[in-house]
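Enquirer: this is the structure alone, sequence omitted:
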């Protein structure tokens, strides 16, 4: 595999960039002054630590949309105005699949293996006070990260090629088949378990060991490993991977079945236990904001979670999200001060899943939902003249979606008080080449209200890779599948609902109904956070009418409307059409170049 990466024989280190390669005796007998060998790297503390730090670089940032991390635009959440991933048109092939992380993650896996092989050579580290333990910690971080990148590959490509403990040399055999899914999971979990003993529960300040070391935020800890294991076990217990006979034709050339067609209920118990173990650490809490108005409290709790709440709720974070500024600009309407790019369009299908403030779905005749008429009352969330279809919705709707008549999500242009998505409106299609949302809605989550594009004022903040709210939902889902009726299911599901301003769901629902509610809660609570694309696949619901990932998607009629309260705009129409669902979309294709190199590597069926 990736032979072009391995033919460089020593680890060529063109400072400051670190480029991994293999070691082949005698390949280079002289070394230019600006090139450093592996021996040099792993005898120098600073360079060894730099090597480790660079293993963190490929970690995904869900706000790097729509280009680097386009999962939100490849599912039913949004439509991107500027880029259309090939999976949406059905044109995805092994030659053009994007984003393709296959080579990049395998390169980092190899870099981690090199670190594990050579780190003990660094006597400069071990000679320091506590250096032996510190080096063990470094190796544990590298071991976890190697397993983590395997996990990311598995999520995208299915069963993967496991490369073994040591980095291979150029002359080694790279004809290696995929390992079955269960073997991949067992390997990843085993590697994470091996890393656990040498990782701290929290990185503490070396000057004052009673205080956390904030400079180490984001580095791997025991709780982070436990949280990632919760994700791995939840996915592995899910229908796509647990008893999936529909993909029984996915086999290696020797006939080895890659996805186990036999259902194992105990996988759900393992997933539930793993999530509960994280919860029982009692190190985090759901972030909430107090306010005399319960609705406002729920709104602020869910909105400010991404600005302030990470300090209480985040389990694993990227210390700075370099992409959040682009996310804000891509989502913000043109009436923003300095102009927004106005092109991450939320589908009507997603808009419609948000319930009414009392918790009832809009399809319930007693919910109070109506699509006729317009309000003459302004609120902190929308102006007078807004369609009644946007009134009385649950607080998270106003946190997550910008609609026709909503207040501007960032600092507005002078004189602008509202967002207008109708045809001739301040952010409508008329007069703009492409800076308009195809559905008449844009994403609003994680947009700071004081962001000012004209002055350049922005608010840096980390990206939460795993947060407690997700773990609660992991636990509720797994427990419902293993032990339906267990009171903990409602306990933790209601914690999420209550923070979002909804009343408790009462006991008595069937397992199927509870499953539906848990899936719905994940859809709303984790919207735009890079979860939905994977959830609909692991649940095997991507081809159902209710959760369809292909075909027609709807929105308002952006070709119509000359005023805020124009009924011609407020009509559901087909906003865009994607390729019909195909089972090959469960996984990405392995790049054709890798199939050509590794004759034992099978492609996923359909490509």
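Expert: That came through, no problem. Nothing here was measured: the structure is a model prediction, and the numbers come from that model.

Enquirer: now the end-to-end length of stretch 370-383.
Expert: 17 Å (CA to CA, to the nearest Å).

Enquirer: try stretch 559-566
Expert: First residue to last in stretch 559-566 (CA to CA) measures 12 Å.

Enquirer: try stretch 420-436
Expert: 11 Å.

Enquirer: ok, now stretch 69-87?
Expert: Using CA to CA, first and last residues of stretch 69-87 are 14 Å apart.

Enquirer: can you give me the buried ones in that stretch?
Expert: 69-81, 84-85, 87 (16 or more other CB atoms under 10 Å). Using the backbone N, CA and C atoms, a C-beta is placed for each residue, glycine as well.

Enquirer: with stretch 594-607 instead?
Expert: By 16+ other CB under 10 Å, the buried positions in stretch 594-607 come out as 594, 598, 601, 602, 603, 604, 607.

Enquirer: ok, now stretch 380-397?
Expert: Buried, per 16+ other CB under 10 Å, within stretch 380-397: 381-383, 385-387, 389-397.

Enquirer: could I get the average pLDDT for it?
Expert: Mean per-residue pLDDT for stretch 380-397: 98.

Enquirer: can you pull the contacts of residue 61?
Expert: 68, 69, 318, 321, 322, 323, 463 (CB atoms under 8 Å, 6 or more residues apart in numbering).

Enquirer: please repeat the previous calculation with a cut-off of 6 Å.
Expert: 318, 321, 323, 463 (CB atoms under 6 Å, 6 or more residues apart in numbering).

Enquirer: list the contacts of the last one.
Expert: For residue 463, the contacting residues are 61, 63, 318, 321, taking CB under 6 Å, 6+ apart as the criterion.

Enquirer: not counting sequence-adjacent ones, nearest residue to residue 537?
Expert: Closest residue in space to residue 537, ignoring its immediate chain neighbours: residue 586 at 5.4 Å, by CB to CB, 6 or more residues apart in numbering.

Enquirer: ok, now residue 309?
Expert: residue 287 (3.0 Å).

Enquirer: from residue 467, how far out is the one you found?
Expert: Separation of residue 287 from residue 467 (CB to CB, to the nearest Å): 9 Å.

Enquirer: over to residue 276?
Expert: Here residue 276 is placed at a distance of 16 Å from residue 467 (CB to CB).

Enquirer: which residues of the stretch 501-607 of the chain fall in strands?
Expert: Using DSSP state E, counting those that start in this stretch, the strands of the stretch 501-607 of the chain run over residues 551-555, 573-578.

Enquirer: grab the most central residue of the chain for me.
Expert: The centroid of the chain falls nearest to residue 530 when counting by CA atoms, centre = their mean (3.0 Å).

Enquirer: can you tell me the closest non-neighbouring residue to it?
Expert: Counting by CB to CB, 6+ apart, the nearest residue to residue 530 once its immediate chain neighbours are dropped is residue 62, at 3.6 Å.

Enquirer: contact partners for that neighbour?
Expert: Neighbouring residues of residue 62 by CB under 6 Å, 6+ apart: 69, 529, 530.

Enquirer: can you do 10 Å?
Expert: Contacts were defined as CB atoms under 10 Å, 6 or more residues apart in numbering; by that measure residue 62 touches 68-69, 71-72, 318, 321, 323-324, 327, 446, 463-465, 526, 528-531.

Enquirer: PyMOL command to pick out the buried ones of those residues?
Expert: Of the contacts of residue 62, the buried ones go into a single PyMOL selection, burial set by 16+ other CB under 10 Å:
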select buried, resi 69+71+72+318+321+323+324+327+446+463+464+465+526+528+529+530+531
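
Enquirer: what about the contacts of residue 62, which are in helices?
Expert: For those, the ones inside helices are 324, 327, with DSSP state H as the criterion.

Enquirer: hang on, isn't residue 172 packed against residue 110?
Expert: No - using CB atoms under 10 Å, residue 172 is not in contact with residue 110; the gap is 11.9 Å.

Enquirer: comparing these two, which residue is more hemmed in?
Expert: residue 110 (21 against 15; other CB atoms under 10 Å).

Enquirer: which positions within the helix or strand where the more buried one lies qualify as buried?
Expert: Using DSSP states H and E, residue 110 falls within helix 102-118. Neighbour counts over helix 102-118 (16+ other CB under 10 Å) mark 102, 104-118 as buried.
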